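1. Next one to model:
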Amino acid sequence: MLEIWNERVSSIREKYKHLRTVVLLKSNDLSEVAVFEFDTIRYDHELYSWEWNKNNNLTGTNKKTGEHCFTWQPHGSQFTIVAEVPEKCLIIKIKQPEKLDKDAVLKALGFDKSWVIVSQKVK
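-> Numbers count the residues shown, from 1 in each chain. Below is the predicted model:
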């Protein structure tokens with residue numbers, strides 16, 4: 001798995017010297033997001049041990065610390081690099097807007113029923 005990742009990083013670094021990974025974490029209700037970035041690097045595969053977990057995902061663990069570092073979900077073709085969220089990340093909070101009154105919006109637009117034509121396809 002890391003060979004594929006490392007090859008992609010090397011390929012991109014040939015064109016772009018400063019390569020960063022941007023992470024966007026969304027709350028369940030999408031009212032808040034956290035954004036941070038880190039250097040996109042190659043990983044030495046010899047520093048990690050790999051095993052399949054109960055969900056049939058391949059997990060990579062740091063041999064020295066035992067820390068979970070990677071997860072590959074083959075059924076979804078998703079590769080995850082586990083990263084700690086920095087204390088000084090960007091937080092964006094989105095206030096839920098009030099529900100718009102459909103009739104008031106259509107009136108403000110000057111909507112006319114002639115804008116929409118409904119018909120059936122004739123053979």
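2. buried sites along the longest helix along the chain?
-> Of all the segments assigned as helix in the chain under DSSP state H, the longest by residue count is helix 2-15. For helix 2-15, burial by neighbour count (16 or more other C-beta atoms under 10 Å) applies to Leu2, Trp5, Val9. All C-beta atoms are positioned from the backbone trio N, CA, C, and that covers glycine.
3. Which member of those is positioned nearest Ile81?
-> Ranking those by separation from Ile81, with C-beta to C-beta as the measure, puts Trp5 on top at 8.2 Å.
4. which one is Glu32 nearest to, not counting chain neighbours?
-> If the residues on either side of it in the chain are set aside, Glu32 comes closest to Lys93, at 5.0 Å by C-beta to C-beta, 6 or more residues apart in numbering.
5. make that Ile81, sorry
-> Closest to Ile81 by C-beta to C-beta, 6+ apart is Phe70, at 5.9 Å.
6. can you check Leu90 too?
-> Nearest non-adjacent residue to Leu90 (C-beta to C-beta, 6+ apart): Val35, at 4.3 Å.
7. re earlier: just how off-centre is the longest helix of the chain within its chain?
-> Mean C-alpha position of helix 2-15 versus that of the full chain (C-alpha atoms, centre = their mean, to the nearest Å) differs by 19 Å.
8. Please, where are all the helices along this protein?
-> So, for the chain - with DSSP H - the helices run 2-15, 102-109.
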